[in-house]
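A.B. asks: Sequence first, predicted model second:
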Number of protein chains: 2
Amino acid sequence: MQPVSEPQISPASSSGLSSVEIEVIDLFVNAAKLLALPKSVAEIYGLLFISPEPRSLDDLVTKLQMSKGSGSQGVRLLRAMGAIQSVYVPGSRCDHFTAVTELRKLVSGDFRGQVQEHLDNGDVRLQRICEAASEDTSEFYEQRIEKLEQWYGRAQTLLPMAQKILG
Amino acid sequence: MQPVSEPQISPASSSGLSSVEIEVIDLFVNAAKLLALPKSVAEIYGLLFISPEPRSLDDLVTKLQMSKGSGSQGVRLLRAMGAIQSVYVPGSRCDHFTAVTELRKLVSGDFRGQVQEHLDNGDVRLQRICEAASEDTSEFYEQRIEKLEQWYGRAQTLLPMAQKILG
DNA sequence: AAAAGTGTTCATTTCAATTTGAACAATATA
DNA sequence: TATATTGTTCAAATTGAAATGAACACTTTT
């Protein structure tokens, strides 16, 4: 990997993002790559994370210079993941959002969703592979299937442990 | 997620992939999505995983019906990741490959590469955020930075533990 | 009711990653 | 030396995901 490079959140064309905001957003944008989440989603979360006050959708898309459509989608996803919350702001009729920062909540939301799912399907898949292999049952295939079962087992062990450490 | 669907490795147009092979390759192709690896890479690894004998590049691209270019790139990546090995096959002048199936080796190869890297940069990033925040040092910013440090700490704890369980 | 504000949806565009295929070594065989 | 084999590289095409922006619906204010 290349050394950490300067944030690419076009700093000149700012609609007033401070340098702290830019750095933090950049952090999340990069982390998002690891989780294969859209950049816009990371930007929204990043900005909310570093915002002392709740922000409206309009607010977000203006500061981040993204389309209303993207903003709307992004907010929806983040809400579904439990990564942001909408809060009531007296005297304003639009929704306002804040970042959920408890690792425990974040982990049980998205992480679980993405990974657990695949593991759950593991049984089905292994089942199918066994069936397919039963036509041609060799020593080698048995070994490989055993290997796959071992892998799934390990993963099943690891996941709850990860939740414990993070939660 | 939709229920596990039928493999989409065009089974009709087969250059002779057995149903076991198809199922296993499909398993890896799906897992690869989680790790954000190219499909071609997953296909190659999957086929090697379920092949009793080493296979040549030519072999791979023929059975998988992919271009030589993709095959070459894929093999290179997998080798760099330590996920496949080239083995000597007497009486043949081309390289042959087998899958590395020890979870320990796989984990120290790719997983580490992808994740550790980001964590290593964490220090640099946090440093930069601190600097940026020093212009405008508020209670809130301090809390957030603390939160980020906490997150990195947890991740640093989890990673070696994961390696232990998997390795 | 009109006008302004807020938010969603969705067809289209944009963009980046992957794949292809052809050109190009490099090496072995005849 | 010519020819076949093996493998890499890279520009161009393909693909699919994400972003845009306009149309729409709903609410609130005047």
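C.D. replies: Nice, thanks for sending it over.

A.B. asks: pLDDT on the lengthiest helix in chain A, on average?
C.D. replies: If you go by DSSP state H, chain A has its longest helix at helix A:139-166. Looking at helix A:139-166 alone, the average pLDDT works out to 92.

A.B. asks: which strands and helices sit next to the helix or strand bottoming out on mean pLDDT in chain A?
C.D. replies: The weakest-scoring helix or strand in chain A, judged by mean pLDDT, DSSP states H and E, is helix A:112-134 (a mean of 84). Counting by 3 or more C-beta pairs under 8 Å, 6 or more residues apart in numbering or on different chains; DSSP states H and E, the packing neighbours recorded for helix A:112-134 are helix A:139-166, helix B:19-35. Glycine gets a C-beta too; all of them are placed from N, C-alpha and C.

A.B. asks: what does chain A have sitting close to DNA strand C?
C.D. replies: Contact residues (C-beta under 7 Å from any atom of the strand) of chain A with DNA strand C: A:56-58, A:68-69, A:72-73, A:75-76, A:92-95.

A.B. asks: So which of those residues wins on neighbours?
C.D. replies: residue A:75 (22 neighbours; other C-beta atoms under 10 Å in any protein chain shown).

A.B. asks: Make a markdown table from the helices and strands packed on helix A:112-134 and add mean neighbour count and distance to DNA strand D to it.
C.D. replies: A markdown table is the format used below for the helices and strands packed on helix A:112-134 (neighbours: other C-beta atoms under 10 Å in any protein chain shown; distance: least, C-beta to the nearest atom of the strand, whole Å):
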| stretch | mean neighbour count | distance to DNA strand D |
| --- | --- | --- |
| helix A:139-166 | 15 | 23 |
| helix B:19-35 | 20 | 9 |
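
A.B. asks: List the contacts of residue A:42.
C.D. replies: A:25, A:28, A:29, A:31, A:32 (C-beta atoms under 8 Å, 6 or more residues apart in numbering or on different chains).

A.B. asks: Not counting its neighbours along the chain, what's nearest it?
C.D. replies: Spatial nearest neighbour of residue A:42, chain neighbours left out: residue A:32 (3.5 Å); criterion: C-beta to C-beta, 6 or more residues apart in numbering or on different chains.

A.B. asks: Relative to residue B:49, how far out is the one you found?
C.D. replies: Applying C-beta to C-beta, to the nearest Å, the value for residue A:32 to residue B:49 is 30 Å.

A.B. asks: Wait, residue A:39 touches residue A:28, no?
C.D. replies: No. The criterion here is C-beta atoms under 8 Å, and residue A:39 misses it with residue A:28 at 9.5 Å.

A.B. asks: centre of the chain versus stretch A:76-94, how much separation?
C.D. replies: Stretch A:76-94 has its C-alpha centroid displaced from the chain centroid by 17 Å (C-alpha atoms, centre = their mean, to the nearest Å).

A.B. asks: buried stuff in that stretch?
C.D. replies: A:77, A:78, A:81, A:82, A:83, A:84 (16 or more other C-beta atoms under 10 Å in any protein chain shown).

A.B. asks: pLDDT value on the fourth one, please?
C.D. replies: When you say that, I think you mean residue A:82. For residue A:82, pLDDT reads 92.
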